[in-house]
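1. make a model of this:
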Amino acid sequence: MSGYLTVVEAAEYLNTSVRFVRRLVAERRIAFHKVGSHVRIAVVDLEDFVRAGRVEAITVASIRRDLGGVA
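-> Predicted structure coming up:
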């Protein structure tokens, strides 16, 4: 896969709709490049976007840490 994807390719890469990717671009929630009138999204930027949305699983240790000894 090349370093830059079209909006359609980015949607396939993320397994989402094209509309979702266009909304990310319109809301400036993901970095993109303009090539004339075309939008291109770097694979690295897609990976960063996915990584930023990662939510860790809840564990007993994380609950204790978040409560700070209260209970």
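
2. report the central residue of the protein.
-> Geometric centre of the chain, nearest residue: Phe49, 2.6 Å, by Cα atoms, centre = their mean.

3. give me the distance between that residue and Ala42.
-> 10 Å (Cβ to Cβ, to the nearest Å). Backbone N, C-alpha and C define where each C-beta goes, glycine included.

4. what of Ile58?
-> 33 Å.

5. of these two, give the one with the bigger neighbour count.
-> A direct count of neighbours by other Cβ atoms under 10 Å for Ile58 and Ala42 places Ala42 higher, at 17 against 9.

6. who touches that one in this structure?
-> By Cβ atoms under 8 Å, 6 or more residues apart in numbering, the contact list for Ala42 reads Gly3, Tyr4, Leu5, Ala31, His33.

7. swap in 10 Å and give it another go.
-> Ser2, Gly3, Tyr4, Leu5, Ala10, Ile30, Ala31, Phe32, His33, Asp48 (Cβ atoms under 10 Å, 6 or more residues apart in numbering).

8. so it bridges to which residues?
-> Note on Ala42: beta-bridge partners by DSSP bridges are Tyr4.

9. start at 12, not 1
-> Taking 12 as the first residue, the last one we looked at is Ala53.

10. tell me if Val61 really is in a strand.
-> No. According to DSSP: H, G, I helix; E, B strand; the rest coil, Val61 belongs to no strand; its state is helix.
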